[in-house]
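Engineer: Got a predicted structure plus its sequence, pasted below:
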Amino acid sequence: MNQFLSSTMPILLVLAPYLVPVLLACLTLLVRKGFEVMPSNQRRLVANIVSTAVAAVDQTAPNASGAEKKARAIELVLAQLSHFKINVPIGVLDPMIEEAVLIIHMATDAPSAVIAEKSGK
């Protein structure tokens, strides 16, 4: 597994600047599609709840698997939404959570990947 990872890491680092914008564009389209079914006054609130929940789960459970973090984030988001009496289908929340995760990982992982590449590690 380490050999596979070490052989694919340079390829991923080269392709990352091309793949990340495409992934963000796809996620953005999915989120916008979901937002179309939501009233406009709820869109910002739901987006803030999702990003806060994803950040909280990422900080409180750093060693959990991706599936566990996603399940916990969905649980937190649904709890907050029910508090505000907002019903959002899981099909709309799922891409919003994925987008928030991608944004957090881009912000936190990108500098360390650049430093590791420059130092030759």
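Structural biologist: Cool, got the structure. Numbers count the residues shown, from 1 in each chain.

Engineer: Helices of the chain, start to end?
Structural biologist: In the chain, the helices defined using DSSP state H lie at 2-36, 40-60, 66-83, 90-119.

Engineer: Give me the local confidence score for Q80.
Structural biologist: For Q80, the model assigns a pLDDT of 93.

Engineer: who touches it in this structure?
Structural biologist: If you count contacts by Cβ atoms under 8 Å, 6 or more residues apart in numbering, Q80 has them with I49, A53. Just so you know, the C-beta spots here come from the backbone N, C-alpha and C atoms, and that holds for glycine as well.

Engineer: Also S6?
Structural biologist: No contacts exist for S6 under Cβ under 8 Å, 6+ apart.

Engineer: for the one 5 residues further on, same thing?
Structural biologist: Residues near I11 by Cβ under 8 Å, 6+ apart: none.

Engineer: In this structure, where is pLDDT below threshold?
Structural biologist: Within the chain, the segments meeting pLDDT under 70 span 1, 5, 31, 34-38, 109-121.

Engineer: Nearest residue to the middle of the chain?
Structural biologist: Nearest residue to the geometric centre of the chain (Cα atoms, centre = their mean): V101, 1.6 Å.
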